[in-house]
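K.L.:
What would the 3D arrangement of this be:
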Amino acid sequence: MTRHRILFVCLGNICRSPMAEGAFRRLVAERGMSDCFEIDSAGLGNWHEGQAPDSRAQQAAMRRGIDISTQSARQLRPDDFSRFDLILAMDASNHGDLRQLSPKNVHGKIRHFLDFAPQTGTREVPDPFFGEAEGFEHALDLIDAAAEGLLEALVPNSAVAKSGTQSFSG
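P.N.:
Coordinates of the predicted model:
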C-alpha cells in the first residue's frame, strides 16, 4: 500500500493544525493504517516554535480521546513542499500564503483541508485562539469531518477496519 505524507498547516501551529494532526493520526490508528501515513503539522509563523499546543486545544482534543500534548510547534520549512504529498491549509489565508511561499510545480499539493468535508458548507476552520472553549470544539467538529473525508479520498473503503468489521459514521 502507498505511504501518504500529509502536512496540516495553520498560522502558528498551536491550535488547528495540531488538532488536525492528532485527529487524523487517531483515525488512521483506529483503522489499523498508521504504517500507511506520515503525518505532521506546521505553522506559517515561528512565534510558537518549540511550544506545546494551546492548553485549550489540548483539553478539547483530550475530551475526544486525542492526546496532542507531546506535539511541538514548528514553522513550515522550504523542504516541506517536496517532502509531503498533500499540504492541507486550515483557511483561505493559510492557503494563499502556502501558494505564495511554494514553487509553482507543487501548487497541486496545496488544498483546503475542509475540501474533504463539503457537507460542512465551509472551507474555513475558524481560528479559535482568541475565543473560548466552544471555538475549539467547533474547530474539532470540522476537523473530524474532514479527517474522515480525507482518509476516504486517500484510501477508498477505509471504513472497513482490519478486523473486517465495517464502521459507519453518522
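
K.L.:
Mind listing what's buried along the helix or strand Val28 falls within?
P.N.:
For Val28, the enclosing helix or strand under DSSP states H and E is helix 16-30. Taking 16 or more other Cβ atoms under 10 Å as the neighbour-count basis, helix 16-30 is seen to contain the buried residues 16-28. (Glycine included, C-beta is placed from N, CA and C.)

K.L.:
Using PDB, write out every CA atom in the helix or strand just after it.
P.N.:
Along the chain past helix 16-30, the next helix or strand (assigned with DSSP H and E) turns out to be strand 37-43. Included here for strand 37-43 are C-alpha records, laid out as PDB according to Å, rounded to 0.1, in the frame of the first residue of the first chain:
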ATOM      1  CA  PHE A  37       0.900   7.500   6.700                       C
ATOM      2  CA  GLU A  38       3.500  10.100   7.600                       C
ATOM      3  CA  ILE A  39       1.500  12.900   9.400                       C
ATOM      4  CA  ASP A  40       2.900  16.200  10.600                       C
ATOM      5  CA  SER A  41       1.800  19.800  11.200                       C
ATOM      6  CA  ALA A  42       3.400  23.200  10.900                       C
ATOM      7  CA  GLY A  43       2.700  26.900  11.200                       C
END
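
K.L.:
What is strand 37-43 packed up against?
P.N.:
Under the contact criterion of 3 or more Cβ pairs under 8 Å, 6 or more residues apart in numbering; DSSP states H and E, the helices and strands touching strand 37-43 comprise strand 4-10, helix 16-30.

K.L.:
Using JSON lines, lay out the ones you listed together with distance to Leu154 and mean pLDDT.
P.N.:
Rendered in JSON lines, the data for the helices and strands packed on strand 37-43 read as follows (distance: least, Cβ to Cβ, whole Å; pLDDT from 0 to 100):
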{"stretch": "strand 4-10", "distance to Leu154": "5", "mean pLDDT": "98"}
{"stretch": "helix 16-30", "distance to Leu154": "9", "mean pLDDT": "98"}
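
K.L.:
do you know which of those lies nearest Pro126?
P.N.:
Using Cβ to Cβ as the measure, helix 16-30 is the one of the helices and strands packed on strand 37-43 that comes nearest Pro126, at 8.5 Å.

K.L.:
Residues in contact with the closest one: which ones?
P.N.:
Contacts of helix 16-30 from elsewhere in the structure, counted by Cβ atoms under 8 Å, 6 or more residues apart in numbering, are 6, 8-10, 34, 36-37, 39-43, 53, 57, 60-61, 64-68, 71, 73, 88, 90, 113, 125, 127-128, 136, 139-140, 143-144, 146-148, 150-151, 161.
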